[in-house]
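Asker: What follows is a predicted protein model with its sequence.
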Amino acid sequence: MEIKQIKVTVNGEPRIIEVEPRLLCVHMIREVLGMTGTHLGCDTTSCGACTVLLDGVPVKSCTLFGIQTDGHEITTVEGLGRPSELHPVQEGFKEEHGLQCGFCTPGMMLTAAALLEDNPDPSDDDIRWAISGNLCRCTGYQNIINSVKWAARKMAAQRTAVSA
Amino acid sequence: MAVDELSVGGLGARVKRVEDDRLIRGKGNFTDDFKLPGMLHMEILRSPHAHARIVSVDTTKAWAIPGVHLVLTGELMAQRNLAWMPTLSYDTQAVMAMDKVRFQGQEVAAVVADDPYIAKDACEAIEVVYESLPAIVNPMQAKAPDAPLIRDDKDGQADNVCYTWEVGDKSMTDRVFERAENVVKLDCYYPRSHPSPIECCGCIADFNPATAKLTIYMTTQAPHIIRTAVALVAELPEHMIRIIAPDIGGGFGNKVPVYPGYVIATLASILVGRPVKWIEDKTGNLISTGFARDMYFHGELAIDRRGKIEGLRIHVDTDNGAFFSDAQPTKFKVGLMHSAFACYDIPYGHLTSQGHYTNKAPGGVAYRCSFRVTEAMFFQERLIAAAASDLGIDPAEFRRVNFVREFPWRTTYGMLLDSGDYDKCLTLALEKLGYEELRKEQAAARKEGRYIGIGISTMTEPLGAGNSREFDIIGIKMFDSAELRIHPSGKAVLKIGSKTQGQGHETTFAQIVAHELGIPSTDILVQHGDTDNTPFGMGTYASRSTPTAGAATSMASRKVRAKARKLAAHLLEVSEDDLEWELGRFYVRDAPQRGVTIQDCALAAYTNMPDGLEPGLENNAYYDPPNMTWPFAAYLAAVEIDPETGVWEVLRFVAVDDCGVRINPMIVEGQIMGGLAEAFAMSNMQFITFDSSGNCIGANYMDYLIPTAWETPKWELHEVVTPCPHHPIGAKGVGECATVGGPAAFVNAVMDAVSHLGVRNIDMPVFSGRVWEAITQQHDVSGFPPLAGH
């Protein structure tokens, strides 16, 4: 099958890669780019385990072809924090026991991070609505809500520290 | 000075999880994340029919596709004596169909190719000719005199019955019913459900032709059992088989059985001499792997004028699918169904059960429960609620009148309860909900045409199989194990026979060692899931890890402490008898300031041991529990139904759990909340059923609805602690209590809201449409397949 070359920025790094046109974005990320933090759950855009940010917006990478990301920017869980410094959402998930098996967690955290960019002080219902495209079988969601609120508080404190 | 229990992360410490550090960075190692050199990919072709004779399978076009290395059919499997395999319930299951297909989604062929896309293309190029047969989708059809015989492969099988089982005292129970003042009856259906972890099943089979060693990376909750099963099925030497269960994306019972895909991938790797990866897609997982429930209940209670239950009768018809492959202990053909009504003092009872082959996926796994206990407790609490309602007794009071109050206690069906304080749990739950006030509010609301309901569910369940006297799986006794090794610097490695799928073993089990030895939990690495590197254990399911492997961890730690005592005596130049232990330290009884730490002893074990004492500081334990542990739970749901639409909303949910001593309360609460979400799922929306042709409805996440954060209620958790008298640290199982006890609380709440309309039962899922039908037609609503209109 014909191979296409695309340019895509992945976690801030510009990449030129070759993909089959039918290759799903999730497989491009996992197999071509070799980053396995993005998981494949349901194949039908329902579970959100494959969620990544495309130009900052959460998308389900199982229902997107790799070539559709040509010229765009992808953020995966590997780009959410830095090895030495976690993103507040990552810290929040650990602090508030927001994960158990951890399979949905990368997608869940990316959706939460995007929410906090738009809405730095979300209510419980704001969070529940925002993550309603990401399924979790382990936690019963309550600790995920608490994790996102933990991150919101931390980010607010960071902003206060910067402005002071 | 002793070290502080909480500051070393011992019992009761809310230690943050070790597992999280890799998982929040996307650095987990799930089966699909492994990429081995030369690895090929396998896809399975599944049957579109529920019941059909296979006329021919033509693989010519598939072989012709570039990149295809192998096309496997039943015929090829049969040449290796692998077309059939034994099940965990002493039946046989087709690995790949040859004569006919017996359920939709059954494995018919497989392709191994350079990548999964090519393998999928090739599957579509395989031409199979089927001759359709009538499909059976429920036990009533299976029992009909003219029913087609599903298992015509089995010698001597003349009908569709796969087992019959009974327990209890029939004659005494009959006598109690003959003279009963009140008899209350209920029929209901616990619908088929699927555990559906977000990660599907899969494996990488890696047979090395040079060494003849077979390594399988596998999504399994029970790696050691799998190793033995592979040795038996594939006739390979067990020491040359290594099962690695890496991070698992949820199990819930779905990842206990041996599935055909594992066997096919293994044979494929042996045939091509390269690693073969097989990762199921969601539809494959939902339509072919271990389902749960699918039981038809009839129950009767004999009750005296004071509300005291005197007798109990239950009959269960189970739909086991095309092969009897339930993952359950040998002696018990319907799991631990006989734990039903354990928390109630009932003098006489009789339980009968019959299993039926149908043209549906096999499995019968314990979906987040201890071998069918979820079904038992659901029916128990539905029948209790119906009885209280029929007799006009307050449902909380009715339970109180019948609770077991003395321990140990032999139950109606012969199980032995170890401990509990049921009244205390229920009373706390009622207080927290504000039960009396809510009853008044309910009465006032009803006058305004608003339907509020309160549902109660109370239950104790047996968790932590075995003991080995009663419990085995394929003959292997149900114990579990731990090996503890203390390094010279006082850091430690603990290896256990169970296997986490999110329960947090790497954190909790280190805390048990911290409690026993005073070594900080952060100094202990917990290893599990690799059969070459851990002691034999039965794995993690049925809430058994803390009761069994947790107990083994305590016992191994105590053996290590006994040796450390000898080293301490040597270091302090006193007799062992003159030493006292406090957490983390031995000291001289008469001079408490003279002491050595456990870390001092560890160093001495390698650098300064007394004459005659063998070096090193390590030990192991295989723990055979004397009994199951019996946690108790009281769950209360308050709901309001919109009479115009039948939509019900959860107003409050109060959970009181008594799971004995809590090792890590944060993790315990996480388990309970997760379990409650699955209970809500089953009662409200999770729906997998079949039409009259045996087509699976609910074969993907657009049809099989998993609750999101938006629908899922908020949980209010409370606790009571009654330590388990026979567990080394007083802990009981807990991982599944909420899934087991939860569904009845929701359903009872909805029934309570509509009972004044004469409605006694709506089968799960209690869809708004079913509630609306019950309200408008004022009748019960049944939910068993085939779906109406299909």
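Answerer: Arrived safely, thanks for sending.

Asker: Chain neighbours aside, what residue packs nearest to B:Ile672?
Answerer: B:Ala738 (4.8 Å; CB to CB, 6 or more residues apart in numbering or on different chains). C-beta: built from backbone N, CA, C; applies to glycine.

Asker: For that neighbour, give its distance to A:Ser147.
Answerer: According to CB to CB, to the nearest Å, B:Ala738 and A:Ser147 sit 20 Å apart.

Asker: again with B:Val720
Answerer: 28 Å.

Asker: quick one, which of these two is more surrounded?
Answerer: Applying other CB atoms under 10 Å in any protein chain shown to B:Val720 and A:Ser147 shows that A:Ser147 carries more neighbours, namely 29 against 21.

Asker: thought the more buried one was touching A:His87?
Answerer: No - if you go by CB atoms under 8 Å, A:Ser147 and A:His87 don't touch, sitting 11.7 Å apart.

Asker: For chain A, what's the nearest residue on the stretch 101-250 of chain B?
Answerer: Nearest residue of the stretch 101-250 of chain B to chain A, counting by CB to the nearest CB: B:Gly249, 2.9 Å away.

Asker: check contacts around that residue.
Answerer: With contact set as CB atoms under 8 Å, 6 or more residues apart in numbering or on different chains, B:Gly249 has these partners: A:39, A:41, A:49, A:101-104, B:30, B:197-199, B:219, B:501-502.

Asker: before we move on, what about B:Met682?
Answerer: Contacts of B:Met682 (CB under 8 Å, 6+ apart): B:Ser193, B:Arg293, B:Thr739, B:Pro743, B:Met764, B:Pro765.

Asker: what phi and what psi does the backbone show at the last one?
Answerer: Note on B:Pro765: its backbone torsions stand at phi -60, psi 140 [degrees, to the nearest 10].

Asker: next one: B:Met478
Answerer: Backbone phi and psi, for B:Met478 under degrees, to the nearest 10, turn out to be phi -100, psi 90.

Asker: which SS class is the residue most central in space within chain A?
Answerer: The residue lying closest to the centre of chain A (CA atoms, centre = their mean) is A:Leu110, at 2.6 Å. Of the three states, A:Leu110 takes helix under DSSP: H, G, I helix; E, B strand; the rest coil.

Asker: Please apply the same query to the one 5 residues further on.
Answerer: Reducing the assignment at A:Leu115 to three states with three-state DSSP gives helix.

Asker: how about the strands in the stretch 551-700 of chain B?
Answerer: B:579-582, B:585-588, B:591-597, B:618-623, B:632-641, B:648-658, B:689-690, B:696-697 (DSSP state E, counting those that start in this stretch).

Asker: any residues touching the first one, and which ones?
Answerer: Strand B:579-582 is contacted by residues B:Ala2, B:Arg561, B:Arg565, B:Ala568, B:Ala569, B:Leu572, B:Phe586, B:Tyr587, B:Val588, B:Arg589, B:Pro592 when judged by CB under 8 Å, 6+ apart.

Asker: for the residue in chain A that chain B sits nearest to, what are its contacts?
Answerer: Chain A approaches chain B most closely through A:Gly37 (1.9 Å), counting by CB to the nearest CB. Residues in contact with A:Gly37, defined by CB under 8 Å, 6+ apart, are A:Thr76, A:Val77, A:Glu78, A:Pro106, B:Arg25, B:Gly26, B:Lys27, B:Gly28.

Asker: same thing with B:Glu131?
Answerer: Counted by CB under 8 Å, 6+ apart, B:Glu131 has contacts B:Ala52, B:Arg53, B:Val55.

Asker: Listing partners with orientation, what would you give for the longest strand anywhere in chain B?
Answerer: For chain B, the longest strand by residue count, based on DSSP state E, is strand B:309-321. In the sheet, strand B:309-321 lines up against strand B:295-303 (antiparallel), strand B:348-357 (parallel) (DSSP bridges).

Asker: Which strand or helix spans A:Ile6?
Answerer: In the assignment (DSSP states H and E), A:Ile6 maps to strand A:4-10.

Asker: buried sites along that strand?
Answerer: Buried residues in strand A:4-10, counted by 16 or more other CB atoms under 10 Å in any protein chain shown: A:Ile6, A:Val8, A:Thr9, A:Val10.

Asker: which residues of chain A score low on pLDDT?
Answerer: For chain A, applying pLDDT under 70 flags the ranges A:1.

Asker: Which segments of it make up each domain?
Answerer: For chain A, automatic domain parsing gives the domain ranges A:4-79, A:88-158.

Asker: Tell me which of the ones you listed sits most buried.
Answerer: domain A:88-158 (a mean of 23; mean count of other CB atoms under 10 Å in any protein chain shown).

Asker: hang on, the earlier thing: run the chain-centre distance for whichever helix or strand comes after the strand holding A:Ile6.
Answerer: Where DSSP H and E defines the elements, the next helix or strand beyond strand A:4-10 is strand A:13-19. On the basis of CA atoms, centre = their mean, to the nearest Å, strand A:13-19 sits 19 Å off its chain's mean C-alpha point.
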